[in-house]
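>>> I would like the atomic coordinates for the input below:
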Amino acid sequence: MITFFFLGDVSDGEHHVDFDVYYAETPYITQFLLIYGVLFVVGMTGPTRMCCRYATAVDRPWLRRGLRTVAVGALVGQGYAMPKVISLIWDLLGTSPLHFISVNVAPMCASISAWLFAVGFTMPAWGVGVDTARERISQYRAYRRLSLL
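Numbers count the residues shown, from 1 in each chain. Below you'll find the predicted structure:
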């Protein structure tokens, strides 16, 4: 990937959102983008499979919920790379461009995925506190009911 990137010409300025759309037909950058997209999809497949498998093996409920949330985040994360790869292949085939999915859908999937990852990875830590707070509220309500008798 590094070799393809440095062989390609990306001197037309910065394109933070539409880099893959702007340079889709640039020699070497096309290969760089295809490799990046495929590796991203492969990289998100591993956490999806592992988290789903280990979520059934653990006995702590908040860890199980966290693993399932991370698995969903990784699945949604594939929605980042798949539109970009599809748009790039579509451009290479010379058909009408699908740039809107690469510019609009992919960043939205990346944002949702990042949010799900953040929640899922931290869920085992703060989930126990939610259970403790819920239990204290329940005990307080029971105490209040006893005092009314």
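>>> which one's the longest helix in the chain?
Longest helix of the chain, by residue count under DSSP state H: helix 106-148.
>>> pLDDT of it, averaged?
The average pLDDT for helix 106-148 rounds to 92.
>>> which strands or helices does that helix pack on?
helix 61-93 (3 or more C-beta pairs under 8 Å, 6 or more residues apart in numbering; DSSP states H and E). Any C-beta I mention is one placed from the backbone N, CA and C, and that applies to glycine too.
>>> thinking again about what came up before, distance between the longest helix of the chain and the chain's centre?
Relative to its chain's centre, helix 106-148 lies at 22 Å (C-alpha atoms, centre = their mean, to the nearest Å).
>>> okay, the angle between it and helix 61-93?
160 degrees (axes from the mean of the first three to the mean of the last three C-alpha atoms, to 10 degrees).
>>> list the contacts of the closest residue to Trp62 other than its chain neighbours.
Nearest non-adjacent residue to Trp62, counting by C-beta to C-beta, 6 or more residues apart in numbering: Gly127, 3.1 Å away. By C-beta atoms under 8 Å, 6 or more residues apart in numbering, Gly127 lies in contact with Pro61, Trp62, Arg65, Gly66.
>>> next one: Asp12
Neighbouring residues of Asp12 by C-beta under 8 Å, 6+ apart: Tyr22.
>>> how is it assigned, secondary-structure-wise?
Secondary structure, DSSP: H, G, I helix; E, B strand; the rest coil: Asp12 is coil.
>>> so how far is Gln31 from it?
Asp12 is 18 Å from Gln31, where distance means C-beta to C-beta, to the nearest Å.
>>> before we move on, what about Tyr143?
68 Å.
>>> name the residue in those two with the higher neighbour count.
Gln31 (16 against 9; other C-beta atoms under 10 Å).
>>> residue contacts, the spatially closest residue to that one that is not a sequence neighbour?
With C-beta to C-beta, 6+ apart as the criterion, Gln31 has its nearest non-adjacent residue at 4.9 Å, and that residue is Phe4. Taking C-beta under 8 Å, 6+ apart, we find Phe4 in contact with Tyr28, Ile29, Gln31, Phe32, Ile35.
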